[in-house]
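Engineer: The sequence and its predicted three-dimensional model are supplied below.
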Number of protein chains: 2
Amino acid sequence: MARPRDFDRQQALERAMHIFWSKGYEGATMPDLLEGMGVSRSSLYNAYGDKLALFHEVVAHYRQTIGESKRQPLLRSDSAKQCIRSYLQLLVDTALSGDGTHPGGCLFTNLATSLETADESVRQTVLHSLNQLEQQLYDVLERGRQSGEIAADKDIRSIARMLLGLAQGINVVSRASKDREQLEGMVRAAMTALE
Amino acid sequence: MARPRDFDRQQALERAMHIFWSKGYEGATMPDLLEGMGVSRSSLYNAYGDKLALFHEVVAHYRQTIGESKRQPLLRSDSAKQCIRSYLQLLVDTALSGDGTHPGGCLFTNLATSLETADESVRQTVLHSLNQLEQQLYDVLERGRQSGEIAADKDIRSIARMLLGLAQGINVVSRASKDREQLEGMVRAAMTALE
DNA sequence: ATTATTTTGGAACGAAAAGTACAGAATTAT
DNA sequence: ATAATTCTGTACTTTTCGTTCCAAAATAAT
């Protein structure tokens, strides 16, 4: 009954995600977004609402795609240690953006360091995401403990938290330097905490 | 021969540091700075130059004060493990800003996640600071290895890197939640990598 | 073809940003 | 006291931000 949209809504959202991911919410200006998304002003406002609404869609999209895929290794039926190891390895790979299709690091980690100026709902989302990751790590460790793979006297809650922290740290350090050896060293040392 | 400055330059710089620290470079607007520093527009431009110049002074000041004091434990003549432990503990304390005099987390960690929009010289400073910290951690571990406190077969370069990463992670997570137990759990688990 | 509906591009708007200009106030040296 | 110099507050300019408005173009249904 009316003219269909000229651009691919999903593709444009993906591009917006990359811009917010690398520049942050405030750092990504409307001109940046317009150019990067390849969409005109009216089209953007018409399709997504205002900047904040677009950002919320981007955050949701990130969770469903990038976030989900990064946690994939934790859901596999490998041994617990193998799950953790491949999770961290994948983290390093995406932090370095070896494929070149994504910015480095993690959108949520970046957001966490700029929560002071952020929307309250964003703060909630970030907090929830961190807690969720800690719990997922804990669940894997617990499974490993029950199977005898991880010694019963290990404080797996603390280990889960350490891994959570290290994951954030990997995302931080990778923003400043793309040294794979450095990041993989972190992973290697962290794995010894499970021995 | 002329009228002296009306305000305390150092104190104003300190206040500017707190504002940049909690809000970031772009998030800290001139009105924010003017109000927080308790200085009028002309005085600020007269005393520091423009916003970027002020920021560079802030970064230098942060290194000399906060940065230096946070690394203090690494320079003590305690045992290596004790050095590391008290370094991490101090990190947790300041991350939670237990004294209430400072914002939480770390200015440099925050900067690292927003390097894309930052000045190149800032990027260099952040990178240098991370490398310096890794080296300091390594030096302490090396000392511990030579004294026999740390087993000779440990990969202390990787451990130093892991601790570097975890330090950044602590700064990140502490921005989102002020859970002391969570952060201290990270420290506890990380310390087991030295055993 | 006509009509109804929606997208689209470009201009325009208001608010807020950083930085500047200038006049007057204040203080030290003469 | 006076003069020279520097600080300070207000108001201004310029730029850039996010957003809105409106007419023209485009398409699907009638």
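Structural biologist: Arrived safely. Note that this is a predicted model, so its numbers are computed, not measured.
Engineer: For the helix or strand where residue A:34 lies, name the packing helices and strands.
Structural biologist: Using DSSP states H and E, residue A:34 sits in helix A:30-37. If contacts are counted by 3 or more CB pairs under 8 Å, 6 or more residues apart in numbering or on different chains; DSSP states H and E, helix A:30-37 sits against helix A:9-23, helix A:41-48, helix A:51-62. Using the backbone N, CA and C atoms, a C-beta is placed for each residue, glycine as well.
Engineer: Poorly predicted segments of chain A, please.
Structural biologist: The model of chain A has pLDDT under 70 over residues A:1-3, A:98-99.
Engineer: Look through it and tell me its longest helix.
Structural biologist: helix A:120-146 (DSSP state H).
Engineer: Extract the C-alpha trace of the helix holding residue A:34 and format it as CSV.
Structural biologist: Once non-C-alpha atoms are left out, helix A:30-37 reads as follows in CSV (Å, rounded to 0.1, in the frame of the first residue of the first chain):
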residue,chain,number,x,y,z
MET,A,30,24.7,11.6,14.0
PRO,A,31,26.9,12.5,10.9
ASP,A,32,29.0,9.4,11.8
LEU,A,33,26.0,7.2,11.9
LEU,A,34,24.4,8.6,8.8
GLU,A,35,27.5,8.2,6.8
GLY,A,36,28.4,4.8,8.2
MET,A,37,24.9,3.4,7.8
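Engineer: neighbours of the nearest residue to residue A:119 once chain neighbours are set aside, just the number please.
Structural biologist: With CB to CB, 6 or more residues apart in numbering or on different chains as the criterion, residue A:119 has its nearest non-adjacent residue at 6.6 Å, and that residue is residue A:52. A total of 13 residues lie near residue A:52 under the criterion other CB atoms under 10 Å in any protein chain shown.
Engineer: any idea how far residue A:177 is from residue A:52?
Structural biologist: 32 Å (CB to CB, to the nearest Å).
Engineer: Also residue A:161?
Structural biologist: Distance of residue A:161 to residue A:177, given as CB to CB: 25 Å.
Engineer: neighbour count winner among the two?
Structural biologist: residue A:161 (28 against 16).
Engineer: what packs against the helix or strand harbouring the more buried one?
Structural biologist: Element membership for residue A:161 (DSSP H and E) is helix A:156-176. Using 3+ CB pairs under 8 Å, 6+ apart as the contact test, the elements touching helix A:156-176 are helix A:80-95, helix A:107-112, helix A:120-146, helix A:180-191, helix B:107-112, helix B:120-146, helix B:156-176, helix B:180-191.
Engineer: Nearest to DNA strand C, out of those helices?
Structural biologist: helix B:120-146 (14.6 Å; CB to the nearest atom of the strand).
Engineer: Return the residues of chain A in contact with DNA strand D.
Structural biologist: A:1-4, A:26, A:28-31, A:41-42, A:45, A:50-52 (CB under 7 Å from any atom of the strand).
Engineer: Most neighbours among those, which one?
Structural biologist: Most surrounded of these: other CB under 10 Å gives residue A:28, at 23 neighbours.
Engineer: from memory it sits against residue A:15, does it?
Structural biologist: No. Using CB atoms under 8 Å, residue A:28 is not in contact with residue A:15, being 11.1 Å away.
Engineer: Quickly note the distance from the residue nearest to residue A:117 when sequence neighbours are not counted to residue B:173.
Structural biologist: Nearest residue to residue A:117, sequence neighbours excluded (CB to CB, 6+ apart): residue B:27, at 3.9 Å. Taking CB to CB as the measure, residue B:27 falls 20 Å from residue B:173.
Engineer: out of those two, which sits in the more crowded spot?
Structural biologist: residue B:173 (27 against 20).
Engineer: Pick out the residue nearest the middle of chain A.
Structural biologist: residue A:106 (4.1 Å; CA atoms, centre = their mean).
Engineer: and it, what does it touch?
Structural biologist: The neighbours of residue A:106, taking CB atoms under 8 Å, 6 or more residues apart in numbering or on different chains as the test, are A:66, A:70, A:94-95, A:168, A:171.
Engineer: What about those residues, which one has the most neighbours?
Structural biologist: Across the contacts of residue A:106, the neighbour count under other CB under 10 Å reaches its highest value at residue A:168, namely 31 neighbours.
Engineer: just checking, that one touches residue B:175?
Structural biologist: No. With contact defined as CB under 8 Å, residue A:168 does not count as touching residue B:175 (9.8 Å).
Engineer: what is in contact with these two at once?
Structural biologist: The contact lists of residue A:168 and residue B:175 share residue A:112, where a contact means CB under 8 Å, 6+ apart.
Engineer: distance of residue A:132 from residue A:108?
Structural biologist: Taken as CB to CB, the span from residue A:132 to residue A:108 is 11 Å.
Engineer: that older thread, can you list phi and psi of the residue nearest to residue A:117 for me?
Structural biologist: Recorded main-chain torsions at residue B:27 are phi -70, psi -20, according to degrees, to the nearest 10.
Engineer: thought it was touching residue A:26?
Structural biologist: Yes. Using CB under 8 Å, residue B:27 and residue A:26 qualify as a contacting pair, with a distance of 6.1 Å.
Engineer: Pull up the overlap in contacts between these two.
Structural biologist: Between them, residue B:27 and residue A:26 share the contacting residues A:114, A:117, judged by CB under 8 Å, 6+ apart.
Engineer: With distance to residue A:189 as added columns, please give the helices and strands packed on helix A:30-37 in JSON lines.
Structural biologist: Compiled in JSON lines, these are given as follows (distance: least, CB to CB, whole Å):
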{"stretch": "helix A:9-23", "distance to residue A:189": "28"}
{"stretch": "helix A:41-48", "distance to residue A:189": "43"}
{"stretch": "helix A:51-62", "distance to residue A:189": "29"}
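Engineer: between those, which gets nearest to DNA strand C?
Structural biologist: Of all these, helix A:41-48 comes closest under CB to the nearest atom of the strand, at 3.2 Å.
Engineer: who touches that closest one?
Structural biologist: Contacts for helix A:41-48 (CB under 8 Å, 6+ apart): A:5-7, A:9, A:12-13, A:30, A:33-34, A:37, A:39, A:54, A:57.
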